[in-house]
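Peer 1: Give me coordinates for this.
(one chain, ligands or ions: 1)
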Amino acid sequence: MDDMFAELDTLVSLIASSVDKLKQEFKESGKPVPSIHSTESHPFDTGPISQRFDDALRTVQGACAQLTTLVSPPQLTVANLGFSQYTTACIGVVLKAKVADHLQSKSEGMPISRLAEVTKVDVNKLARVLRLLATKQCFREVSPDIFANNRLSILLVDGSPFSALTKLMSDENYHAGCALADTLLDPVATSSSSPKDSPFSRALRYDGSLWDWYKDVDPEKGERFGQAMIGFSAILKYDSILNGFPWKDQPQGTTVCDVGGGVGHISMHFAKACPQLHLTVQDRPETVEQALQLWNNAEPEIMKEGRVNFVPINFLEESPVKGCDYYFLKSVIHDWADPDCRRILTNVKKVMKPTARLIIHECLIQHVSKDDSEESHFVSTAPKPLLPNYGEGRIFEYLMDICMLGLVNAKERTLREFIALGKDCGLELVKVWDCGLQNSLEFKLANVWVK
Ligand SMILES: C[S@@+](CC[C@H](N)C(=O)[O-])C[C@H]1O[C@@H](n2cnc3c(N)ncnc32)[C@H](O)[C@@H]1O
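Peer 2: A predicted model of the protein is given here:
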């Protein structure tokens, strides 16, 4: 009988002790916990956070969700799970109707009747969409039928890279999600490793990959994807990517090739923080054009200094520029199934000098059960009775995994899978660098010993 509430009590005390740690961190930052009603950002939102903050946050998120599930009737929990696509759909509505834009600078809120007028959406239907989102704490119902922005909804204002990311989620990803079950149950598509067999391509009845679709069907959304990747880095945090690996300690003239670097926004951050690095951004020709525009506008000085260059590539067919000290592949490998990853990594390996390093920067997937394998020790395991992978505290990585399946028929990987991929291509893991939500996996040429 004493143990009747053991799990419940442990979860509550984990929450309490983790909240204490978070309070301490907020106190030390000199900035209070931001109010949900505030539309100002807090330094912790996009700036660096400590390992202690990160662990405590994950624990609170995991434990709160686990506690709620523990005490709730399972029918309700599963029904809420099953309905979650409607949250995405409502995000899609407010993005298209630019609701957050209309509410900007209306801190006292706007009556739904006025919002309906400016968005041209039926007043009752719009109110219901906003009420669902406000119930999820995105938007605020200030008083009955008067809505305002808050800390979450302000991120949906049009034009920012983050809003581009949310559009990608409620558009390309949403279509992909609708076709997931049919694709997985199709006897041919289910075991295909071709990006043409993605749920996204099935949903749009398109005979090609997402990348072909962006190039040939909707270049505007292709451009939006480039912006969305910048928005994605606001979640990963540029400083975590930069500081997780000793980029700042590299000697003068160190050459880094950002393979599949998109518009080069990570390289831009590196170039600003590490003037000793010489960067080459490589991507599809149309993305390289977009990158050049961005850099010429944003960083004319670095362009003039010649510290960065841009070289188009099809990394499935060609090797990147030869002889760099580092080849950096961030969020690239997760876009491809194993056979294509082997092509990409082999193409990189061909141009690596003996001292070169390949840095694969990705999420690491963990099993949801206890895992005693050697590789599992590189990733932190949650305290009991949390799910070993922190459950809801790390849900982003698992949503990303299904997003990869949905958009490009690919995947996030476990460390064991990365090691195996490297081995197939003559590459050996040297070290795992913890960079928060993602990790930098350092590989060298296998069977090469360099002092
Ligand atoms: C998920 S994005 C990652 C971009 C960037 N590394 C980042 O983390 O923001 C994947 C990138 O791979 C590029 N890509 C896709 N197919 C490619 C190919 N065959 N050759 C070169 N780049 C390609 C896309 O254009 C896109 O910029």
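Peer 1: interface residues of the chain facing the ligand?
Peer 2: 211, 229, 260-262, 266, 283-284, 287, 313-316, 330-332, 335 (Cβ under 6 Å from any ligand atom). No exception for glycine: its C-beta is placed from N, CA and C like everyone else's.
Peer 1: Buried only: go through these for me.
Peer 2: Among the residues of the chain next to the ligand, those classed as buried by 16 or more other Cβ atoms under 10 Å are 211, 229, 260-262, 266, 283-284, 287, 313, 315, 330-332, 335.
Peer 1: Could you find which two of the residues you listed are furthest from each other?
Peer 2: Taking Cβ to Cβ, the two most distant members of those are Trp211 and Ile266; they sit 19.0 Å apart.
Peer 1: Okay, and which of the residues of the chain next to the ligand map to strands?
Peer 2: Among these, DSSP state E puts Asp283, Lys330 in strands.
Peer 1: quick one: which of the residues of the chain next to the ligand sit in helices?
Peer 2: Trp211, Met229, Ile266, Thr287 (DSSP state H).
Peer 1: Contact partners for the third one?
Peer 2: For Ile266, the residues meeting the contact criterion (Cβ atoms under 8 Å, 6 or more residues apart in numbering) are Ser233, Tyr238, Ile241, Asp258, Phe328, Lys330.
Peer 1: Okay, Ile109 and the ligand: tell me how far apart.
Peer 2: Heads up, residue 109 is Gly, not Ile. 36 Å (Cβ to the nearest ligand atom, to the nearest Å).
Peer 1: Correct me if wrong: that residue contacts Phe139.
Peer 2: No: counting by Cβ atoms under 8 Å, Gly109 stays clear of Phe139, with 9.5 Å between them.
Peer 1: Could you name every residue contacting both of those two?
Peer 2: Leu103, Phe147, Ala148.
Peer 1: Share the number of residues neighbouring the closest residue to the second one other than its chain neighbours, please.
Peer 2: With sequence-adjacent residues excluded and distances taken as Cβ to Cβ, 6 or more residues apart in numbering, Phe147 is closest to Leu130, at 5.1 Å. By the criterion of other Cβ atoms under 10 Å, Leu130 has 25 neighbours.
Peer 1: okay, the ones in helices among the residues of the chain next to the ligand in a markdown table with pLDDT next?
Peer 2: Shown next, in a markdown table, are those (pLDDT from 0 to 100):
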| residue | pLDDT |
| --- | --- |
| Trp211 | 94 |
| Met229 | 91 |
| Ile266 | 94 |
| Thr287 | 93 |
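Peer 1: Name the nearest of those residues relative to the ligand.
Peer 2: Met229 (3.5 Å; Cβ to the nearest ligand atom).
Peer 1: quick one: contacts for the closest one?
Peer 2: Pro161, Leu165, Gly262, Val263, His265, Ser331.
Peer 1: can you confirm Cys257 is in a helix?
Peer 2: No: per DSSP: H, G, I helix; E, B strand; the rest coil, Cys257 lies outside any helix segment and is strand.
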